[in-house]
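need a structure here:
(chains A, B, C and D)
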Amino acid sequence: MNFNLTEERQMLQDGLRRFLRDQYTPDLLAQIADSDTGTSTDVWNGLAEMGVIGALFNEDQGGFGGAGFDIAVVAEELGRVGATDPLIDTGILGGGLIAALGTDEQQSMLEDIIAGKHHVALAHAEPGSRYDLSRVSTAVTDGKLTGRKAVVVNGGAADTLIVSARTSGDVADQDGISLFLVAVNASGLTRRIYPLTGGGHAAEITLDDTPATPLGDAGQAYAALATAHARATCAISAEAVGLMDAIRVLTTDYLKTRKQFGQPIGKFQALQHRMADVLIEIEQARSAVINLAGHLEAEPATRDIHVAATKTLIGQVARLVAEEAIQMHGGIGMTQEYALAHLAKRLVMVDHRFGDTLYHMDRFIALAVA
Amino acid sequence: MNFNLTEERQMLQDGLRRFLRDQYTPDLLAQIADSDTGTSTDVWNGLAEMGVIGALFNEDQGGFGGAGFDIAVVAEELGRVGATDPLIDTGILGGGLIAALGTDEQQSMLEDIIAGKHHVALAHAEPGSRYDLSRVSTAVTDGKLTGRKAVVVNGGAADTLIVSARTSGDVADQDGISLFLVAVNASGLTRRIYPLTGGGHAAEITLDDTPATPLGDAGQAYAALATAHARATCAISAEAVGLMDAIRVLTTDYLKTRKQFGQPIGKFQALQHRMADVLIEIEQARSAVINLAGHLEAEPATRDIHVAATKTLIGQVARLVAEEAIQMHGGIGMTQEYALAHLAKRLVMVDHRFGDTLYHMDRFIALAVA
Amino acid sequence: MDLNYTDDQIAFRNEVRNFLRDNLPPRLSDKVRDGKELTKQDHEEWHAILNSRGWLAGNWPKEHGGTGWDAVQRNIFEDEMTKANAPRIVPFGLAMLGPVLMAFGSDDQKGYWLPRILDGSDWWCQGYSEPGAGSDLASVRTSALRDGDDYIVNGQKTWTTLGQHANMIFCLVRTSKEGKRQEGISFLLVDMNSPGIEVRPIVLIDGGAEVNEVFLDNVRVPAANLVGEENKGWTYAKYLLTHERTNIAGVGFASAGLETLKRIARAELSGGQPLIKNPLFAARIGQVQIDLMAMATTNLRVVSAAAAGQAPGAESSMLKVKGTQVRQEINALTMQAIGPYAMPFVSEALEGDNDPVGPAYAQAPTGQYLNNRKLSIYGGSNEVQRSIIAKAILEL
Amino acid sequence: MDLNYTDDQIAFRNEVRNFLRDNLPPRLSDKVRDGKELTKQDHEEWHAILNSRGWLAGNWPKEHGGTGWDAVQRNIFEDEMTKANAPRIVPFGLAMLGPVLMAFGSDDQKGYWLPRILDGSDWWCQGYSEPGAGSDLASVRTSALRDGDDYIVNGQKTWTTLGQHANMIFCLVRTSKEGKRQEGISFLLVDMNSPGIEVRPIVLIDGGAEVNEVFLDNVRVPAANLVGEENKGWTYAKYLLTHERTNIAGVGFASAGLETLKRIARAELSGGQPLIKNPLFAARIGQVQIDLMAMATTNLRVVSAAAAGQAPGAESSMLKVKGTQVRQEINALTMQAIGPYAMPFVSEALEGDNDPVGPAYAQAPTGQYLNNRKLSIYGGSNEVQRSIIAKAILEL
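Here you go, the predicted model:
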């Protein structure tokens, strides 16, 4: 048992933290918020150069990490500055699925992904599928895809889309789901691109007899999707902890400097005690991420208990931290201009990706309670 | 719309409050706690003389009240002093069912009940039936009863038992439940009498070929049982609000007098704010009782929405009030000798009669949400 | 005790209901239902409709052109308005300034300003809050120095809701630095078109710009625009705050929000079933519904006492706290109900008639969740309310 | 980062597990599992068994007859003990006084008292709290006046757990009224059989009598029983409190309690189905289970840091608060699970082997719920812990 980072991860964390602190000026954040990609070329290249994308892959895949704690360390640092870079989409979901299922030729894309030269988005969820991983109704006819994909994060900036479709089975069956690589300029593909509340962009994607290349064996994609989502859940949970830390620092600093009724509001005991509870819950969230990261390579039954437990707790603590931070800030916390707004919105939106507290509590009950 | 008590009810409330304040000395409470009946003959006679029992019945039944607000006014005052008198058992459940279903001859018992001369207990729940009103498996053979009845409150002091049994249908059917009057000294009836955590006594009752007299039509008792339980729920909810008020007064008094770190602990803002939340929830509980009392005579579908909503809220607020009061008192709040112990225990036990927060939330969802 | 309305009250409710059915433009109620932003013209149109019926000033006496309603009638009216998705009456002139003028204004002021509030000649906004003051309203720094028949006003106001539409602002200003902080405050009516006034929007966390900063740089204000006595403004300010707190529980908004939540939870699917059939989500809806049922009665108890002439006291603080908790929980559940479609940022869609991303009902919830975090902050934060309750009711 | 135990740690865990399997008397583990009260003899029997294996003093160094374990080993041991339903080691001599004597006692004191703790010659109890002091431990009023080679002690101690079994008590006493309140406190060892000592039980809310008041009336105590220096007792007292806070999260108790809760929820029926199948109840179990999973890791993080030599700081305050929340919620859910059978008052049944009212598992939960309200009160109330967190970690 050991809760210290390895030397390599510690170096990566330190370097990444310095890099992001230098890069992520308020100006850059504002500029990225208005961009179509959710990242800046400079930052993304810098992340690639530092090996941040490579840390998501193991050595066989051309990276030098790939374990749960690699993901968690990197994502937490991005969260700390409220970064919107598509590490999860291009790296964990996109790169991860290509690494897991791709042919040798398809695997060659990984080099460009790790080098920061190629963006990917996973177009899996559909209108009405909510968070159900197995609910897919996009159809395949003669190898061409027809269907709709909902809230495809990074779908606007991606060079390649990974699209799920049903090749057999009933609409909610785990068996019968296939993945395809689709070029964003393929025929019959239309994208409606829009900004997201927590920063970055997504797209609604319509496929109408769109040509596609299979990724992996027909009908067998569910297990890989589940693994990719478990890893993405680990990442977004760690990102959430980074956001929580940043919000906590911002809020305690504010409590120390803001005066009302003649003293810093941080001297009011009611706020002190609530802030203590916030801190306790953030530490709970941090431990939950450690639990998930440490079990990410376990067999799916064990892994998924931790996915469900961690994402449930993260969603709950996220709401608490965001709401308490805004409340303790008062009016200034309601303004777009102040740094809290972006961090809090991004944190609240964490509950809307990869399953919310409701979805994961139901899963946890099924897996670990009843 | 009018939230003032009628003049009659106001007088009853004032008189009852004075009477109980005078009677319920700490000595009497301790004496009653050690008694088998949960009441003292003097107090019970006094209540009868004041018309407190009669207030639970309408004029046709020989009383002079019987509406939801009559029940609520009386029960709240008993709650305020932590009284354990079996008003619910003898009056609302026992007397209420006899009034609803009894033959003319059986109805004649009401006079003695209202005069305080006859005690009744309802032996309905069985081991394993939990809070399900329709789950009855006590059997009837040749008019004689065989079965077990669980946690029969006032079962030790009662002169007459009302016992439910199944004369037809499946174990959880609403149809097929019959009620019977059973003398406590009937053959084959054994009682194991024990004290309750919240004061008063109950009995485990075993019936073995025990002679019984039918009360009401065979197999048709469910509706009357549901009505009696709705009225009992109104009473225990109002009693809970009385307990909450008493606990709130005790706790704020303590906060004002108890000094720590050089000042009254009531000056600590964290406690002030928590106590403010407690007060807000008590007012919510008070409103919930008004809602139920005002809808107690409505058609069952409407009535039962309020039964479920009110009992859910009461159970939640009861736990909050009891736990916050003990916490704010600190060590003294943990001692049996201090007045809080009895009040808090009685309040916590409210959730274990007539359905708890879980049972009633499920009911509320079925009736009013989905 | 009687939870039912009297026959008169039922007749009144039906009258209101019928009026709304016949006179509320569907274009406006659709916008309100879908959480879209109303234009200045929308508000003015609806005010004019209500004014033509004599129902614009629910809390004014008849002598000034108000309805003369008691608290129960006002509550019925507000309930029906929210249930019908009518635009909310803009409160600054009607609910806030009007009562202050009636109580403390000169006859000239009453005669001039009150009719202009009713007929829409003036759009008022509020100049109470200042940067850094928060819930500590008495820390007014905006100064007004007497200069002949004028005051010269310098300072800055903030959180001025819909100030971009306003031509008049009522301000708390400091006319003296002597004595206690509360003693040197005056209540002044200022023309927004005066030279030296600048209005700058504050973009809020939901992307909307409903509040503003108002900068006052050597603004000349006729001394005739002083309400009541100089240095007595704190009394008038507190009076205004008390009146602002009618309908503080927001029962109508909560009820309408709960209906929307259920409508969405019936339409959304989870595991192929309507979301509302999910026991855990149903329990969360059930919880807030139960809380709301109790709060509605608490509200009626306070309203009923007010109708009987009792002054609303710290009870309104309890309603404020519980009311905001209920509304914010409904907001949070509604955002949760729309699932991944909570993520699109759709401020544009709220204003225009763009083809929405995702279901139409998914456009508003995220913005409303974010925007309504303000409920527990403004009008005296919930922390301030808890302190009031502790002191005034619990006597701690 | 590695969540797994090392091979050595696994071997140690198996050693503990095997020992408990072979040496823990089922009569004792049955009592613990069913929440029954242990007699003095029960405790002494179990202490003797552990001592014969050399495992009684988990936090003592080997030189004094302890185990010399690091924090991780102690945590493994405590985990296995609770999982096996072993009686808790009575902490007063072993976990509290022992470390103080080792750090501050004279060689004579160490040589005399420490072996007697191990072999059971002495049963110690705690004389910290006084009536009216609450979490403000420095407000010691019990006085000790020097009289030749003795101190004369007068005063009253309270909340003295299991004081009815004790023959010795360690007391904080006031030896000076000069300077700050903390400066005049001394740490004194007192024979409970001395003339002038009276022990009176305090019946608690659950009906049990595990705590006592201890009255000291002109009690003569040899000056040799002063630990460390006169008037420096506050330093020793704080040292003791820090050591008391190992295992403060109570992860083992919570895990055992969660298992009991699930066992009961599988056995209880609701609507004819196992209660654990009720989605709302399952969600409440799930919630506390999720909280416990995270807390167990937080605890291991602190334990691991302690094993690496870092002093436990305010982190233990976080564990105290969260640990008590989790345990109290498990208690509340367990009481809820037993339904109407929570109502019988069954203190007798806990002590004897009476035929129980209702299911056997329904005997303990109500009493445990009530008794464990103490968890958030004693050892520094959760309010005190939150203030410590705010100051020491958040620097507010």
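
what ranges do the strands span in the chain?
With no chain named, the answer covers chain A. Along chain A, the segments classed as strands by DSSP state E run A:120-123, A:139-141, A:144-153, A:160-166, A:177-183, A:189-195, A:201-211, A:213-215, A:259-260, A:263-264.

wait, I meant chain C there
Applying DSSP E to chain C gives strands spanning C:124-127, C:143-147, C:150-157, C:168-174, C:185-191, C:197-202, C:211-222, C:226-227, C:269-270, C:273-274.

deepest-packed of those, please.
strand C:124-127 (a mean of 27; mean count of other Cβ atoms under 10 Å in any protein chain shown). The way it works is simple: take the backbone N, C-alpha and C, and place the C-beta from them, glycine included.

and the one residue sitting closest to the centre of chain C, how far is that from A:Phe3?
With distances taken as Cα atoms, centre = their mean, C:Pro91 lies nearest the centre of chain C, 5.9 Å away. The spacing between C:Pro91 and A:Phe3, counted by Cβ to Cβ, to the nearest Å, is 55 Å.

ok, which residues in the stretch 51-200 of chain A are in contact with chain D?
Residues of the stretch 51-200 of chain A lying close to chain D (Cβ under 8 Å from any Cβ of the partner chain) are A:Phe69.

quick one, what contacts A:His229?
Taking Cβ atoms under 8 Å, 6 or more residues apart in numbering or on different chains, we find A:His229 in contact with A:Leu93, A:Leu133, A:Val307, A:Phe354.

count of neighbours near C:Lys177?
For C:Lys177, the count of nearby residues is 9 (other Cβ atoms under 10 Å in any protein chain shown).

which bits of the stretch 201-350 of chain C sit near chain A?
When proximity is defined by Cβ under 8 Å from any Cβ, the stretch 201-350 of chain C lies next to chain A at C:202-205, C:207, C:268-272, C:278, C:280-281, C:328, C:332, C:336, C:339-346.

how about a cut-off of 10 Å?
Within reach of chain A by Cβ under 10 Å from any Cβ of the partner chain, the stretch 201-350 of chain C has these residues: C:202-209, C:211, C:267-272, C:275, C:278-281, C:284, C:328, C:332-333, C:335-349.

would you write a ChimeraX line that selects the buried entries of those?
To isolate the buried members of those in ChimeraX, using 16 or more other Cβ atoms under 10 Å in any protein chain shown:
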select /C:202,204,205,206,207,208,211,267,268,269,270,271,275,278,279,280,281,284,328,332,333,335,336,337,338,339,340,341,342,343,344,345,346,347,349
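
show me which of the residues of the stretch 201-350 of chain C next to chain A neighbour chain D.
Under the cut-off given by Cβ under 10 Å from any Cβ, chain D has C:Asn278, C:Pro279, C:Leu280 from those close to it.

can you list the residues of the stretch 151-300 of chain A near chain C?
Applying Cβ under 10 Å from any Cβ, we find that the stretch 151-300 of chain A lies next to chain C at A:151-153, A:171-172, A:192-204, A:258-262, A:265, A:268, A:270-271, A:274.

ok, now which ones touch the closest residue to C:Gly68 other than its chain neighbours?
Excluding its sequence neighbours, the residue lying closest to C:Gly68 (Cβ to Cβ, 6 or more residues apart in numbering or on different chains) is C:Lys62, at 4.0 Å. Counting by Cβ atoms under 10 Å, 6 or more residues apart in numbering or on different chains, C:Lys62 makes contact with C:Gly54, C:Gly68, C:Trp69.

one step back: wait, which of the contacts of A:His229 is closest to chain D?
Nearest to chain D among these is A:Val307, at 11.7 Å by Cβ to the nearest Cβ.

now the closest one: how far from A:Ala301?
Relative to A:Ala301, and taking Cβ to Cβ, A:Val307 is found at 11 Å.

repeat that for A:Thr190.
40 Å.

put the alpha carbons of stretch C:135-146 into CSV.
Coordinates of the C-alpha atoms in stretch C:135-146 are reproduced here as CSV (Å, rounded to 0.1, in the frame of the first residue of the first chain):
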residue,chain,number,x,y,z
SER,C,135,-26.0,41.9,2.2
ASP,C,136,-24.7,44.9,4.3
LEU,C,137,-26.9,47.5,2.7
ALA,C,138,-26.2,50.2,5.2
SER,C,139,-22.6,50.5,3.9
VAL,C,140,-23.7,53.1,1.3
ARG,C,141,-20.9,55.1,-0.1
THR,C,142,-22.5,56.8,-3.1
SER,C,143,-22.6,60.5,-2.0
ALA,C,144,-25.1,63.2,-2.5
LEU,C,145,-23.9,66.8,-1.7
ARG,C,146,-26.4,69.6,-1.6
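
filter the residues of the stretch 151-300 of chain A next to chain C down to the buried ones, ChimeraX style.
Selection of buried members from those for ChimeraX, criterion 16+ other Cβ under 10 Å:
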select /A:151,152,153,194,195,196,197,198,199,200,201,202,203,204,258,260,265,268,270,271,274
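
what about the residue lying closest to A:Arg80 once chain neighbours are set aside, neighbour count?
Computed as Cβ to Cβ, 6+ apart, the closest residue to A:Arg80 that is not its neighbour in sequence is A:Gly242, at 3.9 Å. Residues near A:Gly242, counting by other Cβ under 10 Å, number 26.
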